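> Got a predicted structure here, sequence first:
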Amino acid sequence: MRVVLTGGAGFIGANLCRTLSRTSDHEIVVLDDLSTGFSSNLEGTTAELVVGSILDAALVDETIRDAGAVVHLAARPSVPRSLADPMASHLANATGTIEVLEAARRESARAGKPVHVVVASSSSVYGATDILPKSEDLPTSPVSPYAASKLATEAYAVAYQRSFGLPVLCFRFFNVFGPLQAAGHAYAAVIPAFVSAALAGQPLVVHGDGLQSRDFTFVDTVTAVITDAIGRRVTFDSPVNLAFGTRTDLMTVIARLEALIGEPLAVDHTDPRPGDVRHSQADWSRLKKLFPDVDPVSLQEGLEATVEWFRSQ
């Protein structure tokens, strides 16, 4: 089967390419404009890279032709980046998603069989909702342009399933981390930023008191779930949390990194960032029903693998 990954040269996409290359005989095609991804991430995989934008309707049509499945990961990530340029986040995340869904709808009609579409959303859509753990049935309350654009992403995906019968599965990711995750920029996610700084002997920058907590998910678990979803053509009529109900504050993460690296780590506390939520934790009841065999990698194992990867670079 031809499987198209939008944003497949990015962190999660490239890890998914590795999983698919290792566990299946799918024809893997990556569509990526390389704005945040890297072609080098695909080395050692069987993926074909098409360089271009999901906003290019003709290119998306051409890339998706003959595909049985599309995994839509392409996005403009980061809350701070969306605060700096809200319109760019909207175009990439909301408009880009509808371009991919339209291409999948056209290909389904042309081929006479539906294209299965897996779409990446974000736990940021819950926003200011204080209830923990966060069930998919909770109201959404985005507090950043990024979160609003990801809410639009999943809303379009679910609407296309209900309106046009396009088979869709929409995942809400919660703080995914692991190898290939870039650290050397202002919008880096927290774990790669911490690991990179720690190995370089630099202070770890913590926005606020460090007691904010997250449901960290190791990337290999995410790619295993998506691979299973593609193989079984899993669909659902509303978003699904892809996390496992853990909650770890940043100071605890730092303590674990200190133990792994074997020395005390300096911490530089700065002001909290606008748009950040205080706590995040998934209710994973729905995920468990859809993927009963999933075996998540623990935070400790994930941190060990991430530190090992950074040391190898």
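Arrived safely, thanks for sending.

> Would you confirm that L138 contacts A128?
No: look at L138 against A128 with C-beta atoms under 8 Å: they stay out of range, at 11.1 Å. To be clear about C-beta, it is placed using only N, CA and C from the backbone, and glycine gets the same treatment.

> Those two: which has the busier surroundings?
A count of neighbours by other C-beta atoms under 10 Å puts L138 above the other of L138 and A128, at 15 against 12.

> Where do the strands of the stretch 51-200 of the chain begin and end?
Listed in chain order, the strands of the stretch 51-200 of the chain (DSSP state E, counting those that start in this stretch) span 67-72, 116-122, 168-173, 176-177.

> Which strands or helices does the helix ranked longest in the chain pack on?
Ordering each helix of the chain by length in residues (DSSP state H) puts helix 145-164 first. With contacts taken as 3 or more C-beta pairs under 8 Å, 6 or more residues apart in numbering; DSSP states H and E, helix 145-164 sits against helix 79-84, helix 86-90, helix 96-111, strand 116-122, strand 168-173.

> Adding mean neighbour count, distance to S144 and mean pLDDT, write those out as CSV.
Shown next, in CSV, are these (neighbours: other C-beta atoms under 10 Å; distance: least, C-beta to C-beta, whole Å; pLDDT from 0 to 100):
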stretch, mean neighbour count, distance to S144, mean pLDDT
helix 79-84, 18, 5, 90
helix 86-90, 17, 9, 96
helix 96-111, 20, 17, 98
strand 116-122, 26, 10, 97
strand 168-173, 24, 15, 98
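
> To S24, which of those lies closest?
When these are compared by C-beta to C-beta, strand 116-122 sits nearest S24, at 14.2 Å.

> Output that closest one as CSV, nothing but the C-alphas.
Taking Å, rounded to 0.1, in the frame of the first residue of the first chain, the C-alpha atoms of strand 116-122 are listed here in CSV:
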residue,chain,number,x,y,z
HIS,A,116,-7.8,6.4,5.1
VAL,A,117,-6.6,9.6,6.8
VAL,A,118,-4.8,9.8,10.2
VAL,A,119,-4.6,13.4,11.4
ALA,A,120,-2.4,14.9,14.2
SER,A,121,-4.0,17.3,16.6
SER,A,122,-2.7,18.5,20.0
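
> quick one, helices of the stretch 201-313 of the chain?
Ranges of helices in the stretch 201-313 of the chain, per DSSP state H, counting those that start in this stretch, are 219-232, 250-261, 285-290, 299-312.

> which one of those is the most hemmed in?
Among the helices of the stretch 201-313 of the chain, ranked by average contacts under mean count of other C-beta atoms under 10 Å, first place goes to helix 219-232 (a mean of 20).

> which residues sit in contact with D228?
234, 291, 293-294 (C-beta atoms under 8 Å, 6 or more residues apart in numbering).

> Rebuild the helices and strands packed on helix 145-164 as JSON lines, extending it with distance to P142.
Shown next, in JSON lines, are these (distance: least, C-beta to C-beta, whole Å):
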{"stretch": "helix 79-84", "distance to P142": "10"}
{"stretch": "helix 86-90", "distance to P142": "11"}
{"stretch": "helix 96-111", "distance to P142": "15"}
{"stretch": "strand 116-122", "distance to P142": "10"}
{"stretch": "strand 168-173", "distance to P142": "12"}
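
> Can you check which of those gets nearest to R22?
R22 sits nearest to strand 116-122 of all the helices and strands packed on helix 145-164, at 18.4 Å, using C-beta to C-beta.

> any idea of the angle the closest one forms with strand 168-173?
Here strand 116-122 points in a direction 20 degrees away from that of strand 168-173 (axes from the mean of the first three to the mean of the last three C-alpha atoms, to 10 degrees).
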